[in-house]
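Colleague: Fold the following and give me the result.
(one chain, ligands or ions: 1)
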Amino acid sequence: MLCPACGAPTTRVIDSRPAEGGQTIRRRRECESCAHRFTTYERVEPQLMVRKRDGRLEQFSTAKLVAGISAALADRPVSASSIKRLGEEVEASLRAGGAQVSSEDIGAEVLARLRALDEVAYLRFASVYKDFQDAADFEKEVAALESAE
Ligand SMILES: [Zn+2]
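Modeller: Take a look at the predicted model:
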């Protein structure tokens, strides 16, 4: 942690105690360059939970998300780093929305971004996640894509 007074990278913890009823650790730090003292708080990052279609809750997994996107993008000319970035964007957007998301929320976030990245992958992903009522919906989606070109 950089010293807020002089920007030096070496600070040491001179005191550490629980705060906010144990939800947080409050630390007093001292800069080894200029001796400036300041306070930091450490707290647990809130877990993002996913509500599955059958109602079960599951911890959000970035690896699973990226694997799902990668599967949709198999054989497509999209780099691994683009896939990873897409996964990170989706995760950030989901976290901003609260502590719990549904499978549908995740699907919608991925779809919104995948469409701009690769249309074939978009359709593959849509067929799995978008819960198409029947084949007609899928055809409508394809037609909408084609007319957008
Ligand atoms: Zn300093």
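Colleague: Enumerate the residues of this structure near the ion.
Modeller: Contact residues (CB under 5 Å from the ion) of the chain with the ion: Cys3, Ala5, Cys6, Ala8, Cys31, Ser33, Cys34, His36. Every residue, glycine included, has its C-beta placed from N, CA and C.
Colleague: Could you identify the buried members of the residues you listed?
Modeller: Cys3, Cys31 (16 or more other CB atoms under 10 Å).
Colleague: can I get the residues of the chain next to the ion in TSV with pLDDT?
Modeller: TSV is the format used below for the residues of the chain next to the ion (pLDDT from 0 to 100):
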residue	pLDDT
Cys3	95
Ala5	96
Cys6	97
Ala8	95
Cys31	97
Ser33	97
Cys34	98
His36	97
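Colleague: Which of the residues of the chain next to the ion fall within strands?
Modeller: Using DSSP state E, the subset of the residues of the chain next to the ion located in strands is Cys31.
Colleague: List just the nearest of the residues of the chain next to the ion to Glu91.
Modeller: Ranked by distance to Glu91 (CB to CB), these are led by Cys3 at 31.0 Å.
Colleague: longest helix of this structure?
Modeller: helix 80-96 (DSSP state H).
Colleague: Name the next helix or strand following that helix along the chain.
Modeller: The helix or strand immediately downstream of helix 80-96 is strand 100-102, counting by DSSP states H and E.
Colleague: What residues sit buried inside that following strand?
Modeller: Val101.
Colleague: again, but for stretch 45-53
Modeller: So for stretch 45-53, counting by 16+ other CB under 10 Å, buried means Leu48, Val50.
Colleague: what do you get for stretch 96-114?
Modeller: Buried residues in stretch 96-114, counted by 16+ other CB under 10 Å: Val101, Asp105, Ile106, Gly107, Glu109, Val110, Leu111, Arg113, Leu114.
Colleague: now, which of these lie within strands?
Modeller: Short answer: the buried residues of stretch 96-114 in strands (DSSP E) are Val101.
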